[in-house]
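In: sequence isn't available, so here's the structure alone:
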């Protein structure tokens, strides 16, 4: 069973990404027209010396378990109360003791690991994607990329090389079936993407759909709109979300054949949310049928629910929160936690009622929130990891 502890990106992050891609595209255009570090965090190594490296499979070198404390955290996701993942300084780490200590599980790559390029379905099975945009020597290798797969929690990795991989976002529903949404070139409120699929756990990948900005075809994902992510309810039914500057619409594209063809599944937000523009974010499915679809924009934040795999989305659940700074964690279909930069809100009935909590520290600069139960959760504030065991009142 896949365990979900879901964190939702800030609503403003899409615009930041789009602006970055616009700068890259503009620079390339100027060159064609004839016009002409991330600091690694300090790490405190605990004695004794690390044990011998475990052998890796495939073409990757061995991973050195280091048993370290992380002084800086960019991204965190916990699979249960003890097992979690973190990204720090472009490297991947694993904990099996509830964040007391961490092991470096970074595969042998020159690329930098980001939040959307790492995906684990449980404590053992996970994947990391590295595209051309993730490398310091960008555009030097013809956009060749690589996807690493592990089935032992990162102790060993098997690498698969992929041609023309720019910035992969990975999603799996089980240890065999997975997809990549590859973010390629972008312009203002437009983005070209490709969808890759694997049915053998990442051993082989096939491009099943790709945007052609010069020749859009029926069934392809469109060039219009910035794409925020991809998610699947089962091996056939999936969704791509994002943003386009259209009032009162939820940006949504759907596939019923595993990603080969896509149809516009956008819908009107209804009277409660009328008069605004909204970003949609990848739905979270707790099984093949039950799931949620979060959206946000302006001064409103809402979650739609489905019980049929996304064929129909019910009336939105709204929360009065400072949505420009919202972070979300979905434990299951009923238990959700939301932080808005000042308060922590929690629901145990799918958003029908909410409890409001004042934390004992400032969360104005929180960038991640990840709860694994109603009581135990994790939050990243200014790249520091904090833990709560009382539902968000106190943090350490």
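Out: Right, received. Where do you want to start? Since this is a predicted model, take the numbers as computed values, not measurements. Numbering: from 1, shown residues only.

In: dump the residue contacts of residue 87.
Out: 73, 74, 75, 76, 93, 113, 114, 115, 118 (Cβ atoms under 8 Å, 6 or more residues apart in numbering). In this view, the C-beta of every residue, glycine as well, is placed from N, C-alpha and C.

In: any weak-confidence spans in the chain?
Out: Filtered on pLDDT under 70, the chain yields the residue ranges 1-68, 138-142, 298, 320-325.

In: what about the residue nearest to residue 117 when sequence neighbours are not counted, which SS state?
Out: In space, and not counting its chain neighbours, residue 117 is closest to residue 129: 4.6 Å by Cβ to Cβ, 6 or more residues apart in numbering. With DSSP: H, G, I helix; E, B strand; the rest coil as the basis, residue 129 sits in strand.

In: separation between residue 129 and residue 360?
Out: To residue 360, residue 129 is 38 Å away according to Cβ to Cβ, to the nearest Å.

In: same question for residue 272.
Out: Distance check for residue 272 against residue 360: by Cβ to Cβ, it reads 33 Å.

In: please apply the same query to residue 394.
Out: Distance from residue 394 to residue 360, by Cβ to Cβ: 5 Å.

In: pretty sure the residue nearest to residue 117 sits against residue 170.
Out: Yes. Counting by Cβ atoms under 8 Å, residue 129 touches residue 170, with 5.1 Å between them.

In: neighbour count winner among these two?
Out: Ranked by neighbour count (other Cβ atoms under 10 Å), residue 129 and residue 170 place residue 129 first, with 28 against 23.

In: who does the more buried one bridge with?
Out: When assigned by DSSP bridges, residue 129 has beta-bridge partners residue 147.

In: dump the residue contacts of it.
Out: Applying Cβ under 8 Å, 6+ apart, one finds that residue 129 lies in contact with 117, 118, 145, 146, 147, 148, 165, 168, 169, 170, 180.

In: mind running it again at 10 Å?
Out: Residue 129 makes contact with 111, 113-114, 116-119, 145-148, 160, 162, 165, 167-170, 180, 182, 196, 202, 205 under the criterion Cβ atoms under 10 Å, 6 or more residues apart in numbering.

In: for stretch 118-135, which positions count as buried?
Out: For stretch 118-135, the neighbour count (16 or more other Cβ atoms under 10 Å) marks 118-121, 123, 125-135 as buried.

In: whoops, stretch 346-358 was the one
Out: Per 16+ other Cβ under 10 Å, stretch 346-358 contains these buried residues: 346, 347, 350, 351, 354, 357.
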